[in-house]
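Engineer: Just need the structure, nothing else, for what follows:
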Amino acid sequence: SSSSSSGLFSLLFLGLGLRSLSRSRLFIRLGLCSSRSSSRNASAGGAGAGTSRVRAAAGHRTIAELQRIRKRPNFNERMTVAQLPSSMRRFLDRNYGSLIGTLTEIRRAYESRKYQELSDSLQALFEVLSNQSEPWKAKPPPPIRTSRPMNTGPSMTRRMCALSFGAMELLLSMLDDRDFVDAPAAASCVIMILNTLQEFSIEFLHAAIDLSLNDNLICLLFTLLDKRDISYHALTLLEELFVVRDRPVDLRNIPRDMSHMHSSDIFRLCRIYSFIVGRENETELLEMSLDNASAGICQGFNDEVEKEISDSNHNILLANPSFVPRLLNCLNASTQYAPMFARIFQNFGQVDPNIWNVLIDPSPSLDFESEPYSEDRATLLLYKLEIIYILIGLLTGPQKESVQAILQGLEFSTILSNLFSQLDWTKPELPLNERHEIHGPGCKCDPHASLKSQFLRLVQVYCEACKDVQAKRSLFSESELAMLRRACAQRGCNQCLGVVANPAHTSEGVISKVLRLLMAGPADSQKRPTLTCTLELFIRGTSNCDRMMSIEVGFFDYLIKDILRAAKCEVEDSHLVLQNCFDLLSETVRFSPELLRELDKRIPADSMDLFIEAIEKDLVSSNVFLRTSTLVLAEHADSLSDVRLAVYLVRTSTRVRLAKLLLTSVTVKDISQDNLSCINSTILFFLLANRNGTVPDLLQKLKALEEQECNGIVLRNFFELLKFWVLYYHQRPTDSRLIEKTSHITSAEWKATVETLLQPDGPCSIHSYLSS
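Structural biologist: Numbers count the residues shown, from 1 in each chain. Prediction:
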């Protein structure tokens, strides 16, 4: 065994089971310790350090001896104290025997209902376990637990022994007694119990998991939120437990009234709700291969019971008419100074003026980024982040359209626009070695960067939840809507009739701010992919008039410039730049011959060859734009005959060359979400050829090009990719509907084309052209 303080106790924990508090019935059980404990350990110093080192060394020798016992062939998981080596028995009696006496006093005082004695005994237990003379009783801890020196010798062993002597079971049995919990005189005792359980959950992962799966305890903790003096401590314990809980909580079984909570606890409750709402929408990305394609790439809920709980939880939260408004009030005011913040919570009871000294900087400055690091400021950012997580969870849940409608009626666009302006978008993320450990040792969170990233994610899911273009236009300002009405009038479009802007939204809308931020930043900015995705989701499904608003401020010119620079390798990550630019172009010109013509017009004459070179240089990035442009050309070929991009795409030789390049850029072994679209783009060429009866001609030319340049691998790879395509979309009906929606071609025609290509023989069968 190692005597190193960083990793010693992550090897092993001492689990002592006890049927009573008598040492004669002590049993020892060995298992694994939480890895979190080792990351929070730090060496002790100051007065008495020499004695601590001696005791720590003894503890190390004890653990090493337990390891050797465990490795014996005749090891029994449950053994009596008499079977332990005498040196180990003497060590436990000398250093940790007082724990049993403390637990005995706790039980005796609890059974006799002597609350003052019980409080003193619980205080003594907490001090022994935490090395704190003033546990969180007189003054609450900071909202985010900070690091504190942890002794890896005696203090850790004391916690293990206390857990083993049945301390956690004793404390839980006391919480199960509702008469005891509800007694006013027992409030301080309940606080000490909750703090002690939190100590166990922080240090021991197995203890935290056991507590998190105790539904009775979870329900009790939510009940305690209504008790002003206890709610803070109940919330901090809930936070620890929800981090490790791996199954949803059913809100039907727990209280959900937060009208009596103290204002300083509302944000922390939002963190709890973010776990409840957010985790229910998580999916797990599985490894992509032909063998597991039948299982699907993404695996969501497999348990119908959990899915039913998730739907019920969303319905319960939204059934409270004040829930979403309170979230928006917190989101909008959390960076304001105290007077406004106090008004927000005037319905939650008396507000303690001292709270603002902890939670809010009364300075009128809203620029958190430009001032020195403050734990309180970071805490506020994290709380606001939790509110955003809740809103994202609601907007991606079963009631997303209802949530979007509620938000639209609550000046959500104004809140988003204000929040965007409050954030410093020019400051890069902090290096890992400069980040403050706001969650404790080992934490590498950058709350400012996380808040900006999740803010954009919130705008994205809001756009996805909008059921029509009118809902998306709620993100415009009044001046932008006036510009939109004029543009529609000039084009004879009536889609803007009846559009009403938010009267308070008089400045620039949040989408225009996102667009301006994208165009002002460097091509290889770290924020570029997220900004691109935000604009892409907003543009999707909008009218030509909406899209022309961005084009008129130089959107097309900006994208063309970056594509040409990437083609010349003048940017650091040309693949990412091309992918972002072509994704935005494909969404902008989708189903619009007018905008495809506008794009072609804006490409300089002497740069068209370079633009086409960029397309063919990285088809994984550009194939969606190719597919979108091909679909526009298929519907409007006559009106686009003079468009240079249309002339390029209509040639059979071009499609054969593109098909060859697409089929050599992806194989079954390396399929991912990024290159899966290459298969669909290739199939589209054959789908359109199948309409004209020219599939054999296309296959013959592809075969000839294959033999000339690719040594006979193109068609065989195409055959394998099509087999994968069938398995994948058979298990993913949602993706099948998405292909249909984005192409205006029925999924039946897509499948019929693939089946034609996969048939055993015939002029349209790939198999007929495969080399032996």
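Engineer: okay, CA-based contacts and neighbour counts for the rest of this
Structural biologist: Fine.
Engineer: how about residue 762, secondary structure?
Structural biologist: coil (DSSP: H, G, I helix; E, B strand; the rest coil).
Engineer: Quick check: phi and psi on it?
Structural biologist: Note on residue 762: its backbone torsions stand at phi 120, psi 160 [degrees, to the nearest 10].
Engineer: Isn't it up against residue 768?
Structural biologist: Yes - if you go by Cα atoms under 8 Å, residue 762 and residue 768 touch, sitting 6.6 Å apart.
Engineer: Residues that sit against both of the two, list them.
Structural biologist: By Cα atoms under 8 Å, 6 or more residues apart in numbering, residue 762 and residue 768 have no common neighbours.
Engineer: Count the residues that sit near residue 230.
Structural biologist: 18 (other Cα atoms under 10 Å).
Engineer: Please tell me how far it sits from residue 630.
Structural biologist: According to Cα to Cα, to the nearest Å, residue 230 stands 64 Å off from residue 630.
Engineer: Next: residue 559.
Structural biologist: 20 Å.
Engineer: What pLDDT does the model give residue 327?
Structural biologist: What the model reports for residue 327 is a pLDDT of 83.
Engineer: My understanding was that it contacts residue 387; is that so?
Structural biologist: Yes - shown here, residue 327 and residue 387 form a contact pair, counting by Cα under 8 Å, at 6.4 Å.
Engineer: Neighbour count: the two, which is higher?
Structural biologist: residue 387 (23 against 19).
Engineer: and the helix or strand where residue 235 lies, what does it pack onto?
Structural biologist: Assigned by DSSP states H and E, residue 235 belongs to helix 231-244. With contacts defined as 3 or more Cα pairs under 8 Å, 6 or more residues apart in numbering; DSSP states H and E, the packing partners of helix 231-244 are helix 187-203, helix 205-212, helix 215-224, helix 263-278.
Engineer: Need those helices in JSON lines (columns: mean neighbour count, distance to residue 746 and mean pLDDT).
Structural biologist: Shown next, in JSON lines, are those (neighbours: other Cα atoms under 10 Å; distance: least, Cα to Cα, whole Å; pLDDT from 0 to 100):
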{"stretch": "helix 187-203", "mean neighbour count": "22", "distance to residue 746": "54", "mean pLDDT": "90"}
{"stretch": "helix 205-212", "mean neighbour count": "20", "distance to residue 746": "47", "mean pLDDT": "88"}
{"stretch": "helix 215-224", "mean neighbour count": "18", "distance to residue 746": "48", "mean pLDDT": "89"}
{"stretch": "helix 263-278", "mean neighbour count": "21", "distance to residue 746": "34", "mean pLDDT": "70"}
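Engineer: Include distance to residue 594 when you put these into a markdown table, please.
Structural biologist: Below are these laid out as a markdown table (distance: least, Cα to Cα, whole Å):
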| stretch | distance to residue 594 |
| --- | --- |
| helix 187-203 | 61 |
| helix 205-212 | 58 |
| helix 215-224 | 57 |
| helix 263-278 | 41 |
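Engineer: sorry, back to before: of residue 559 and residue 630, which one has the most company?
Structural biologist: residue 630 (24 against 20).
Engineer: Now do the same contact list for that one.
Structural biologist: Here residue 630 is in contact with 646, 649 (Cα under 8 Å, 6+ apart).
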